[in-house]
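**Q** Test case, fold it:
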Amino acid sequence: MGFFKNIFTSKVPSTTKIDEIDYSKIDKNFFRSNYFSPRVPLLIKGGANGWPMIKNWTKDYIIDKYGEYKCTVISDSRPAHSKLKTNLADYFINHKGKSTLTLDFDPMKSVFFLKGLKFPNIYFSKKEIHRFFFYHSIKEAGTLPHVHRDAFNILRKGKKRWIMHDANQNISSVGFKLLKEAYVKYPPGTHAKDWFKKELNRVSKKVELFECYQTDMDIVYVPENYCHTVINISDEVLGIVVETLR
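**A** Now for the predicted structure:
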């Protein structure tokens, strides 16, 4: 009897599926008018097909060609707070079971970065890029609720689960409050998997949540001031995030 009770009383969060469009069926004007301008999240299936990063960005290639590229070593889900620095070769060889997130504010001078992207593309131009991140991470790691500028998360390899909500203070005061609460409740040293277990259902009752699953070559568009929380489903994930100027 207890088994059936658990099935019917289990907590299932209420989420809205993020719009999903195949990259072959989207153009720049459509994306700008329907998603970028109104700040609507989007999952672009196969959005990075044909980009250089799809062919080249493997661990062996990165170690061989860009092993000296500086990065951080991360053990929690607040990567921006990591103070442990190394390079990508050392990270991949000597820090197994950890994650990394680089940050570069001068992407136009980064050969490593430019060799991963395709220009022109329908999402952003070179002049719109504000900064970028390279990331590699492990199963059940992720990122806790946070916001930033418009961003394009380009997944080279793996599978990730995304939860988002509007946290623009002028549009969603509740969403903004939930974001601030998350920063306090989940400081450096805490983990996204715990947020998914403890907070997802509660938050879903307070604000509209958007959800998607990202796989190889998909691009997730995250509008500016959209709070997002991510957890890795596959054994590892690897890709980049391009943050743009609106």
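**Q** got the CA positions of the longest helix seen in the chain in PDB?
**A** In the chain, assigned by DSSP state H, the helix with the most residues is helix 173-185. In PDB, the C-alpha atoms belonging to helix 173-185 read as follows (Å, rounded to 0.1, in the frame of the first residue of the first chain):
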ATOM      1  CA  SER A 173       9.100  41.000  -8.300                       C
ATOM      2  CA  VAL A 174       8.400  37.500  -7.100                       C
ATOM      3  CA  GLY A 175      11.100  36.000  -9.400                       C
ATOM      4  CA  PHE A 176      13.600  38.700  -8.300                       C
ATOM      5  CA  LYS A 177      12.900  37.900  -4.600                       C
ATOM      6  CA  LEU A 178      13.400  34.200  -5.200                       C
ATOM      7  CA  LEU A 179      16.700  34.900  -6.900                       C
ATOM      8  CA  LYS A 180      17.900  36.900  -3.900                       C
ATOM      9  CA  GLU A 181      16.800  34.200  -1.500                       C
ATOM     10  CA  ALA A 182      18.700  31.600  -3.500                       C
ATOM     11  CA  TYR A 183      21.900  33.600  -3.200                       C
ATOM     12  CA  VAL A 184      21.600  33.600   0.600                       C
ATOM     13  CA  LYS A 185      20.400  30.100   1.000                       C
END
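**Q** Next, work out how far apart the residue nearest the centre of the chain and residue 69 are.
**A** Geometric centre of the chain, nearest residue: residue 153, 5.2 Å, by Cα atoms, centre = their mean. Here the criterion is Cβ to Cβ, to the nearest Å. By it, residue 153 lies 19 Å from residue 69. For every residue, glycine as well, the C-beta is placed using N, CA and C.
**Q** what about the helices in the chain?
**A** 2-9, 28-31, 52-56, 59-66, 88-94, 111-114, 173-185, 192-198, 200-204.
**Q** now for the ones you listed, which one comes closest to residue 227?
**A** Nearest to residue 227, of all these, is helix 173-185, at 4.6 Å by Cβ to Cβ.
**Q** mind listing the strands in the chain by residue range?
**A** 16-17, 20-22, 42-45, 70-72, 85-87, 100-101, 129-138, 142-146, 151-157, 159-166, 210-215, 219-222, 226-232, 236-244 (DSSP state E).
**Q** what angle do the last one and strand 226-232 make?
**A** Looking back up the chat, that one is strand 236-244. Relative orientation of strand 236-244 versus strand 226-232 (axes from the mean of the first three to the mean of the last three Cα atoms, to 10 degrees): 160 degrees.
**Q** What mean pLDDT does strand 236-244 get?
**A** When pLDDT is averaged along strand 236-244, the result is 96.
**Q** so how far is that strand from its chain's centroid?
**A** 6 Å (Cα atoms, centre = their mean, to the nearest Å).
**Q** Just the buried positions in it, please.
**A** 237-244 (16 or more other Cβ atoms under 10 Å).
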